[in-house]
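Asks: Curious how this folds, go ahead:
(chains A and B)
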Amino acid sequence: MTVHSTSPQFKQNAARALNDHQLQKALGNVKQGFIDKRQMAADKLPEFEALRDAARDIKNHTLEHLDLYLESYEEKVKASGGHVHFARDAAEAREIILGICRETNAKTVTKGKSMISEEIGINHHLEANGITPVETDLGEYIIQLRNELPSHIIAPAVHLNATQVEEDFRRVHTHLDAKRDLSEPVQLLTEARAVLRERFLAADVGVTGANFLVAETGTSIIVTNEGNGDLTQILPKTHIVLASIEKLVPTLEDVSQLLRVLARSATGQEMSVYTTFSTGPRRSTDADGPENYHVVLIDNGRSSMLGTAFEEMLRCIRCGACMNHCPVYHAVGGHAYGWVYPGPMGAVLTPSLIGVDKAGHLPNASTFCGRCESVCPVRIPLPKLMRHWREREFERHLTPATVRSGLQLWGFFAKRPGLYRFATRAAMGALSFAGRQRGRFTWLPMAKGWTKYRDFPAPQGETFQQRWKRERSGRAA
Amino acid sequence: MSATPSSARPAHPRVGLFVTCLVDLMRPSVGFAAVKLLEDAGCVVDAPVQTCCGQPAYNSGDRGTTRDLAMRLIEAFQGYDYVVAPSGSCAGMIKAHYPELFEEDPNWRAKADALAGKTYELISFLVDVLGVTKVGAAFDGAVTYHDSCSGLRELGVKRQPRKLLASVEGLTLVEMKDSDVCCGFGGTFAVKYSDISGAIVEAKAKNIEETQAPTVLAGDLGCLMNMAGKLSRDGRSIQVRHVAEVLAGMTDEPPIGAAKAKAIK
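Replies: Now for the predicted structure:
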């Protein structure tokens, strides 16, 4: 079992989010910040569009030969003194991680930001087994205190404001002076740093994710802005890298191309503040580093996406640009999506990983505005893939009965032009007559979803085809 | 892309007007504005018997119905030099998605490709294919323009309407914030996820209102009905029209969602 999903309740989640004033205020930051910064970064780089093509091609090539690159990567990690573990699903991954922690008698595990660790629910598993996981990315630390999931894949606490964080810190950091001033965000940051510093030093195991794994060298790479990832992986005796299998890329040259689109797409930075390459455990000549280096390669549903229409989703490099540009994400935030991955990428990936029967709402809750695809650094056709999910749902009769019967009725007439013209002529004439006073309807039978928030404009009366026939083709008709 | 490169374009191209089902049923005056714009530009316009491009079915996952409707439309329109629709969304359906529907059927795929190659959204057709640089219309006052998503992102419709609007006598264009952000319509999305759709169109209505322009224009009737419905529900007296009506100088009909009796004037 992975993290519990509330995706089936997407509509209720969304309604709650829309009425949450604090959340709505916090979501305003997503709309303003990320979009302009990404645009500026893209505009400054003349080859940005060409780099997106290259990034797409690198990932496509890797996915086509994933088996070979996985083998090559494994060999290189072993050659550098590290260990590679393959986990078919979340449960296997959790047991492997727990096993490594037990081998080292770990009491505290520090963690860098990792979405796959959220996906496999490792924190709860460690806690249940007497080991304390400590998130060290500031946003992740905050949501860990709140027992929440990230609401954004690169800004996990973007749904919160400073006052809420202050309340959480006062609730949890009870060893500190109750009268301390935390009114400025920088004071919150300073406090988090001080608390985390002790945790870094005490940690027995450090767990990080990986933005990329390099097949030719056996290197794992993380990009961060806080430096917490470096302390997480360098200070403890044991470093565990968690990565899903699609993180592979063939060469360092490929990584450097992907890095050029990653930060620009995510935060508008040319590069993240820290880009850290790790290859195996500490060597005798190294000044620091872990004694043990483990990589847990996790499938958890990815391999079954290979060779299907959804393989393209495995190109994703987790920049978050799709959600930063999504009007639906802007309206409801990340938690409404009900599982680990929100926004357009989540709307495609989540049904693949937990089943479209549970996550069926997500690919439907899109206007298909296409803004996500227009900014995706690896050019994933997100709307097209969401539509593929809708097709699967339709085939499996998961589409709501009301939608299905409405469509059937529409299709019935649309396939019969004569009947269509006759019926629409009568319907539009009646609707126009009924709405002639005000030009609009505030309520219409069977259109409650529409008229709940907006009026329905009345039709002009005669249909185009009716008038065209009268004026142009028949003349006498 | 074009099946008929502009150098080889006939002097009086035969255009099959795909009015779209929304214009056919809700607002035929948009269709006649399109006819006027096309005829003024030298086209011979015909509107064959037609229904729907199939987009509602396509976006609901019903490929079978979509294919049936696409085949009908292809047969009805394949004989024209061009197919033009006063909608980026429906033109985009034919241009970007019809070929995908027939991936496993080479015969129909070829027909879909041929139709896709000669199908255009109205305003971009006027500007990009026919080379129209100005229209003879007049419109008194400020307008703001919403970029509908499919036209913008599937077909690159952005500067063409602005170019032609700039030639309308007496009209000033005031850009709204986030003109390229979705209005929240999304076809059946507006009904299936009405809470979210309502929130998105609320933000759009605010951006429209902030321009203080008394009129908002766009090139897709679905988006226009959504915005008009929201603006009137909130008691904002902003007029909503299809851009073709203004460009054709055909603004006698009351705006979308306004009463027929011209009491406001």
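Asks: Domain map for the chain?
Replies: Since no chain was named, I'll use chain A. Recorded structural domains for chain A (assignment: automatic domain parsing) are A:20-298, A:416-473.
Asks: wrong chain, I was asking about chain B
Replies: B:6-128, B:133-247.
Asks: quick revisit: will you turn the domains of chain A into CSV that also has mean pLDDT and distance to chain B?
Replies: For every residue, glycine as well, the C-beta is placed using N, CA and C. As requested, those are exported to CSV (pLDDT from 0 to 100; distance: least, Cβ to the nearest Cβ, whole Å):
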stretch, mean pLDDT, distance to chain B
domain A:20-298, 96, 8
domain A:416-473, 90, 3
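Asks: I'd like those domains as a markdown table, with distance to B:Gly170 and mean neighbour count appended.
Replies: As requested, those are exported to a markdown table (distance: least, Cβ to Cβ, whole Å; neighbours: other Cβ atoms under 10 Å in any protein chain shown):
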| stretch | distance to B:Gly170 | mean neighbour count |
| --- | --- | --- |
| domain A:20-298 | 34 | 18 |
| domain A:416-473 | 25 | 17 |
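Asks: can you list the ones you listed in a markdown table and add distance to B:Val83?
Replies: Shown next, in a markdown table, are the domains of chain A (distance: least, Cβ to Cβ, whole Å):
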| stretch | distance to B:Val83 |
| --- | --- |
| domain A:20-298 | 30 |
| domain A:416-473 | 16 |
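Asks: Out of these, which gets nearest to B:Asp178?
Replies: Proximity to B:Asp178 (Cβ to Cβ) singles out domain A:20-298 among the domains of chain A, at 8.4 Å.
Asks: So for B:Lys192, which of the domains of chain A sits nearest?
Replies: Going by Cβ to Cβ, the one of those nearest B:Lys192 is domain A:416-473, 6.7 Å.
Asks: Give me the most central residue, chain B.
Replies: With the centre of chain B defined as its mean C-alpha position, the nearest residue by Cα atoms, centre = their mean is B:Ser87, 2.0 Å away.
Asks: Contacts only, for that one.
Replies: Neighbouring residues of B:Ser87 by Cβ atoms under 8 Å, 6 or more residues apart in numbering or on different chains: B:20, B:22-23, B:121-122, B:151, B:219-222.
Asks: Please identify which of the residues you listed is nearest to chain A.
Replies: B:Val23 (6.0 Å; Cβ to the nearest Cβ).
Asks: which SS class is that closest one?
Replies: Look at B:Val23: counting by DSSP: H, G, I helix; E, B strand; the rest coil, its state is helix.
Asks: Next one: A:His65 from A:Tyr73, what distance?
Replies: Distance of A:His65 to A:Tyr73, computed by Cβ to Cβ, to the nearest Å: 12 Å.
Asks: Next: A:Val340.
Replies: Taking Cβ to Cβ as the measure, A:Val340 falls 24 Å from A:Tyr73.
Asks: And for B:Ala76?
Replies: Separation of B:Ala76 from A:Tyr73 (Cβ to Cβ): 55 Å.
Asks: just B:Met225 next, same as before
Replies: Where A:Tyr73 is concerned, B:Met225 sits at a distance of 54 Å (Cβ to Cβ).
Asks: Same question for B:Phe139.
Replies: Using Cβ to Cβ, B:Phe139 is found at 64 Å from A:Tyr73.
Asks: And the strands in the stretch 1-150 of chain B?
Replies: B:14-17, B:44-46, B:82-85, B:119-121, B:138-145 (DSSP state E, counting those that start in this stretch).
Asks: isn't B:Arg63 right next to B:Leu101, touching?
Replies: Yes - between B:Arg63 and B:Leu101 there is a contact under Cβ atoms under 8 Å: 6.8 Å.
Asks: returning to what we had before: will you turn the domains of chain B into a markdown table that also has mean pLDDT and distance to A:Ser432?
Replies: Shown next, in a markdown table, are the domains of chain B (pLDDT from 0 to 100; distance: least, Cβ to Cβ, whole Å):
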| stretch | mean pLDDT | distance to A:Ser432 |
| --- | --- | --- |
| domain B:6-128 | 96 | 9 |
| domain B:133-247 | 97 | 14 |
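Asks: From the contacts of B:Ser87, which land in helices?
Replies: Of the contacts of B:Ser87, the ones assigned to helices by DSSP state H are B:22-23, B:122, B:151, B:221-222.
Asks: These: which ones sit near chain A?
Replies: B:Val23 (Cβ under 8 Å from any Cβ of the partner chain).
Asks: Need the ones in helices among the contacts of B:Ser87 in JSON lines (columns: distance to A:Pro290 and neighbour count).
Replies: As requested, the ones in helices among the contacts of B:Ser87 are exported to JSON lines (distance: Cβ to Cβ, whole Å; neighbours: other Cβ atoms under 10 Å in any protein chain shown):
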{"residue": "B:Leu22", "distance to A:Pro290": "62", "neighbour count": "20"}
{"residue": "B:Val23", "distance to A:Pro290": "66", "neighbour count": "28"}
{"residue": "B:Leu122", "distance to A:Pro290": "64", "neighbour count": "30"}
{"residue": "B:Gly151", "distance to A:Pro290": "54", "neighbour count": "27"}
{"residue": "B:Leu221", "distance to A:Pro290": "62", "neighbour count": "29"}
{"residue": "B:Gly222", "distance to A:Pro290": "57", "neighbour count": "22"}
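Asks: I appreciate the help and will end here.
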